[in-house]
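Q: coordinates for the following, if possible.
(chains A and B)
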Amino acid sequence: MRTSWADSVANSASENAAPASSGNNGSLRSSRPAYVPPHLRNRTPSADLPASSPAVPSQANDRVGYAGPAGGSRWAGGSRPDYGRPGYGSGGRPAAAAAAGGWNNRSGGWERGREREVNPFGNDDGEVDSTFGEQENTGINFDAYEDIPVETSGENVPPSVNTFAEIDLAEALNQNIRRCKYVKPTPVQRNAIPIILAGRDLMACAQTGSGKTAAFCFPIISGIMREQYVQRPRGPRTVYPLALILSPTRELSCQIHDEARKFAYQTGVKVVVAYGGAPINQQLRELERGVDILVATPGRLVDLLERARVSLQMIRYLALDEADRMLDMGFEPQIRKIVEQMDMPPPGRRQTMLFSATFPKEIQRLASDFLANYIFLAVGRVGSSTDLIIQRVEYVHETDKRSHLMDLLHAQRETETNGKQSLTLVFVETKKGADSLENWLCVNGFPATTIHGDRTQQEREMALRSFKSGKTPILVATDVAARGLDIPHVAHVVNFDLPNDIDDYVHRIGRTGRAGKSGLATAFFNENNMSMARSLADLMQEANQEVPAWLTRYASRASYSGGKNRRTGGGRFGGRDFRREGSFTRVTDYYGGGNSSGGGYGVPASYGGGYGPGVASAWD
DNA sequence: AAAAAAT
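A: Take a look at the predicted model:
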């Protein structure tokens, strides 16, 4: 059976060690540790563990060299292992593992361990182009970053870095970063990576398309590579991932998995994805082959936990992508179950990272249940580059929407130039509405497809592929596609039906304006959307967009009582730590600065980045 | 009221 790197190393280490670790199962150990049923596991870690250290269940006591993330050196074991050095073996296995031997003691371990890892880059055989080749991404406009306001709060915030080189990531990971053609870290990466490497919990708020996935994947992979001697319990069925990444939709989990696999290529760190709507057996087989990082949607994960096929006992890293969505009404119970009612180590003994482009204060408050002494990070917009997404609002009566859309599509068709059809993503409110609009578009000669929760997973994935490839350059979607999905070449996002929440609008239009392309977002506004008038107008103004006079009138007329759609404060930029609010007094002395002026939350919609073509995906 | 997420 193939296992992950940490697993293999742990195993060989423990097998080579003197019969030191005599846990409650010590006498049963033969070639592999006996399975310990959950109720017999000693779940009380030593009390003198630093508060920020992850859980170390007793059977893991034979692990060496882990000093705890906040406790200075993580290299207590002595010299740094020569991990991932180029040209070593087929899997970039660490010298330590090879030297320790013992792989062949695992049933099937040797053969499977040597199996060549599929190259997820698909361009060549995975060689790093040391010259950085034709510099596909020289188009990245990093100057645009210089003006981005960054807000951090919390105790002892680690300083940001300016280059990947000055971050102590593993060499094998650095090679993958080069393969991905990431030359410099984005602002959220520059700030978040040192924070996570320092072992701190984090609530991070950064624009759509600004590199959040990599910001939490890099330090997780790096951290797992360093923890050489993690001893995980092993049962015939249960697996014990070290990191868990949750996301609100299946397609987003797939996308994160694809990205994470690139970053983890030849590091020996195994990434597995589990989500609903797909046969569970294949996912179970993948899990059995070993997993360090599990990417999942909540429902399927709960299923796996209830079947005891996955245990969260060894989780050291928990990342929630689209965290505000994960903690809103629909998802919160499931997330609480996973995080608080299964066997996941509590805050302080795991590292928790929450990422999103939006983060309403109420949700921040909720989220603080899952965090320990966390750092809040907000990477705001750059005023001058926000016009990468042009936002338009048009007053369109319900009955005129279809013909109006038709006009837009015709106009767009005429501007098609160099062969490649540009893509249009149309958001509607309901699944039924999606089907009906798709059908109408097809009947009228516009090749369209649709993605929503009433379609089978096969149909959903097919629709996404067909859209990405340009075969059907129009995709009609519900909010299932609103968040996180990185679809290159989306030129136009149409809010055929506006959402009822300004944050959803922010995420929807964030599907365009990525990778340095200019983006266009058009919203159809009518009497049904009056509750959005003010927040929409405020947001557009914040993003230096032209606000139609009629919208300003509705906005000023709109009666509200501080409703959730209102962006208060018209802040200089997004993301404010709710702990800075006067109303929040439980935590004291976090800041010298006292209360802020109470600004809005979230990050203005349209900072599109200025990334050049060729910059890889999953940047949410 | 709707969408998403397990079978």
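
Q: in a strand, that's where residue A:320 is, yeah?
A: Yes. Assignment of residue A:320 by DSSP: H, G, I helix; E, B strand; the rest coil places it within a strand.

Q: ok, it to residue A:536 distance?
A: Look at residue A:320 and residue A:536: by C-beta to C-beta, to the nearest Å, they are 27 Å apart. In short, each C-beta sits where N, CA and C put it, glycine included.

Q: need the helices for the stretch 251-400 of chain A, in chain order.
A: For the stretch 251-400 of chain A, applying DSSP state H, counting those that start in this stretch gives helices covering A:280-288, A:298-306, A:323-326, A:332-340, A:361-367.

Q: what are the contacting residues of the second one?
A: Outside of helix A:298-306, the residues that reach it under the criterion C-beta atoms under 8 Å, 6 or more residues apart in numbering are A:244, A:246, A:248, A:274-276, A:280, A:283, A:287, A:294, A:296, A:310-312, A:326, A:331, A:334-335, A:337-338, A:342.

Q: which ones, among those, also lie beside DNA strand B?
A: Among the contacts of helix A:298-306, proximity to DNA strand B is found for A:248, A:275-276, A:280, A:296, A:331, A:334 (C-beta under 7 Å from any atom of the strand).

Q: residues of chain A that sit close to DNA strand B?
A: So chain A meets DNA strand B at A:248-251, A:275-278, A:280, A:296-303, A:306, A:329-331, A:334, A:429-433, A:452-454, A:478-480, A:500 (C-beta under 7 Å from any atom of the strand).

Q: in PyMOL, select just the buried ones from the contacts of helix A:298-306.
A: Under the burial definition 16 or more other C-beta atoms under 10 Å, those of these that qualify are selected in PyMOL by:
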select buried, chain A and resi 244+246+248+274+275+276+280+283+287+294+296+310+311+312+326+331+334+335+338+342
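
Q: the stretch 401-550 of chain A: strands as residue ranges?
A: For the stretch 401-550 of chain A, the strands defined by DSSP state E, counting those that start in this stretch cover A:423-427, A:448-451, A:474-477, A:490-495, A:519-525.

Q: for residue A:179, which of those is the nearest?
A: strand A:490-495 (24.6 Å; C-beta to C-beta).

Q: that closest one pairs with which strands?
A: Using DSSP bridges, strand A:490-495 pairs in its sheet with strand A:423-427 (parallel), strand A:519-525 (parallel).

Q: looking at those strands, which is buried most?
A: strand A:423-427 (a mean of 25; mean count of other C-beta atoms under 10 Å).

Q: what is the rounded mean pLDDT of it?
A: Averaged across strand A:423-427, the pLDDT comes to 96.

Q: which residues are in contact with that strand?
A: A:405, A:409, A:412, A:437, A:448, A:467-468, A:470, A:473-479, A:481-482, A:487, A:489-497, A:499, A:508, A:511-512.

Q: can we see that at 7 Å?
A: A:409, A:412, A:437, A:467, A:470, A:473-477, A:482, A:487, A:489-497, A:508, A:511 (C-beta atoms under 7 Å, 6 or more residues apart in numbering).

Q: same question for stretch A:450-470.
A: In contact with stretch A:450-470 (C-beta under 7 Å, 6+ apart) are residues A:250-251, A:277-278, A:420-421, A:423, A:431, A:434-435, A:438, A:449, A:472, A:475-478, A:480-481, A:487.

Q: which of the helices of the stretch 251-400 of chain A sits closest to residue A:518?
A: helix A:323-326 (26.8 Å).

Q: same for the closest one, what does it pack against?
A: strand A:351-356 (3 or more C-beta pairs under 7 Å, 6 or more residues apart in numbering; DSSP states H and E).

Q: swap the cut-off to 8 Å and go again
A: strand A:351-356, helix A:361-367 (3 or more C-beta pairs under 8 Å, 6 or more residues apart in numbering; DSSP states H and E).

Q: what score does residue A:289 have for pLDDT?
A: pLDDT, residue A:289: 93.

Q: so what's the residue count around it?
A: Per other C-beta atoms under 10 Å, the neighbour tally for residue A:289 reads 17.

Q: doesn't residue A:270 make contact with it?
A: Yes. Counting by C-beta atoms under 8 Å, residue A:289 touches residue A:270, with 7.5 Å between them.

Q: for residue A:152, name its beta-bridge partners.
A: Note on residue A:152: beta-bridge partners residue A:377, judged by DSSP bridges.

Q: which strand or helix spans the nearest residue to residue A:267 once chain neighbours are set aside?
A: Closest residue to residue A:267 apart from its sequence neighbours, by C-beta to C-beta, 6 or more residues apart in numbering: residue A:172 at 4.5 Å. In this assignment (DSSP states H and E), residue A:172 forms part of helix A:171-179.

Q: that helix - contacts with which helices or strands?
A: Where contact means 3+ C-beta pairs under 8 Å, 6+ apart, helix A:171-179 is packed against helix A:212-226, helix A:250-263.

Q: out of those, flag the one nearest residue A:552.
A: helix A:212-226 (32.8 Å).

Q: ok, residues contacting the next helix or strand along the chain from that closest one?
A: Following helix A:212-226 in sequence order, the next helix or strand is strand A:243-246 (DSSP H and E). Strand A:243-246 is contacted by residues A:216-217, A:220, A:224, A:253, A:256, A:260, A:292-298, A:301, A:312, A:315-321, A:326, A:335, A:338, A:344 when judged by C-beta under 8 Å, 6+ apart.

Q: returning to that earlier point: which one of the helices and strands packed on helix A:323-326 is the most hemmed in?
A: When these are compared using mean count of other C-beta under 10 Å, strand A:351-356 is most buried, at a mean of 28.

Q: pull the CA coordinates from that one and hand them back as CSV.
A: In CSV, the C-alpha atoms belonging to strand A:351-356 read as follows (Å, rounded to 0.1, in the frame of the first residue of the first chain):
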residue,chain,number,x,y,z
GLN,A,351,-3.5,25.8,13.0
THR,A,352,-6.6,27.3,11.5
MET,A,353,-6.6,29.5,8.4
LEU,A,354,-9.7,31.2,7.1
PHE,A,355,-9.6,32.8,3.6
SER,A,356,-12.1,34.8,1.6
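
Q: count of residues packed around residue A:414?
A: 7.

Q: now do the helices in the stretch 451-600 of chain A.
A: Under DSSP H, counting those that start in this stretch, the stretch 451-600 of chain A gives helices at A:457-468, A:502-509, A:533-542, A:549-557.

Q: picking up where we left off before, make a markdown table from the strands paired with strand A:490-495 and add distance to residue A:153 to it.
A: Formatted as a markdown table, the strands paired with strand A:490-495 follow (distance: least, C-beta to C-beta, whole Å):
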| stretch | distance to residue A:153 |
| --- | --- |
| strand A:423-427 | 34 |
| strand A:519-525 | 31 |
